[in-house]
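K.L.:
sequence and predicted structure, then a few things I'm wondering about:
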Amino acid sequence: MRPADSAERLQDLASMPPHTIVARREGAKTVYTYADPQNCRCLYVGGAKAYAEYRRLEVSEEIARDMSAGSMNAASTNWDVWGSWDPRWGPSAF
C-alpha cells in the first residue's frame, strides 16, 4: 500500500481507474496496481505472487458467498412439499 501523501500522488491517483486491478509490464515483470481514491486514498502495488494470493482469496470469498446463498435457499425450501431432487432418496410416494 502506497499512500497518496503528496499533491502529485493525489493527482496521479485521481487519473487512474478506481477500484480496478490494472496489470502493466515493468521490464520482465508484471506489476499490478489497484487505485483506491475514496477509502484509503492509496495505491496498492504488487507482483505476480501478490496477484495470485488476491485471486485465491477472491475465489474463496466467491465460494463462501455461493455456499451461504445455497444454505439460505435450502433452509427456506419446504422439502416435504417439493420432495427430493432425486426420486430414489424421497418417500416411496415420489
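P.N.:
Cool, the structure landed. Every value quoted in this text rests on a predicted model; they were computed, and no experiment measured them. Numbering: from 1, shown residues only.

K.L.:
might you list the low-confidence residue ranges for this structure?
P.N.:
Under the criterion of pLDDT under 70, the regions of the chain flagged as low confidence span 69-94.

K.L.:
top helix in it by residue count?
P.N.:
When the chain is parsed with DSSP state H, its longest helix is helix 48-76.

K.L.:
what's the burial count for the spatially closest residue to Cys40 that is not a sequence neighbour?
P.N.:
Nearest non-adjacent residue to Cys40, counting by CB to CB, 6 or more residues apart in numbering: Met1, 6.8 Å away. Quick note: C-beta positions are derived from backbone N, CA and C, even for glycine. Neighbourhood size, Met1 [other CB atoms under 10 Å]: 10.

K.L.:
and Tyr34, by the same measure?
P.N.:
The number of residues packed near Tyr34 is 19, by other CB under 10 Å.

K.L.:
before we move on, the earlier item: and the longest helix of the chain, which residues are buried?
P.N.:
For helix 48-76, the buried set under the neighbour-count rule, 16 or more other CB atoms under 10 Å, comprises Tyr51.

K.L.:
hang on, the earlier thing: how near is the residue nearest to Cys40 to Asp66?
P.N.:
29 Å (CB to CB, to the nearest Å).

K.L.:
check Ala48 too.
P.N.:
Distance from Ala48 to Asp66, by CB to CB: 27 Å.

K.L.:
show me the longest strand that occurs in this structure.
P.N.:
Across the chain, the longest stretch assigned as strand under DSSP state E is strand 29-36.

K.L.:
CA atoms of that one as PDB?
P.N.:
Provided in PDB are the C-alpha atoms of strand 29-36 (Å, rounded to 0.1, in the frame of the first residue of the first chain):
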ATOM      1  CA  LYS A  29       8.000  -8.400 -14.600                       C
ATOM      2  CA  THR A  30       4.200  -7.700 -14.400                       C
ATOM      3  CA  VAL A  31       3.100  -5.200 -11.800                       C
ATOM      4  CA  TYR A  32      -0.400  -5.000 -10.600                       C
ATOM      5  CA  THR A  33      -2.000  -1.800  -9.300                       C
ATOM      6  CA  TYR A  34      -5.300  -1.000  -7.600                       C
ATOM      7  CA  ALA A  35      -6.200   2.600  -7.000                       C
ATOM      8  CA  ASP A  36      -8.500   3.400  -4.000                       C
END
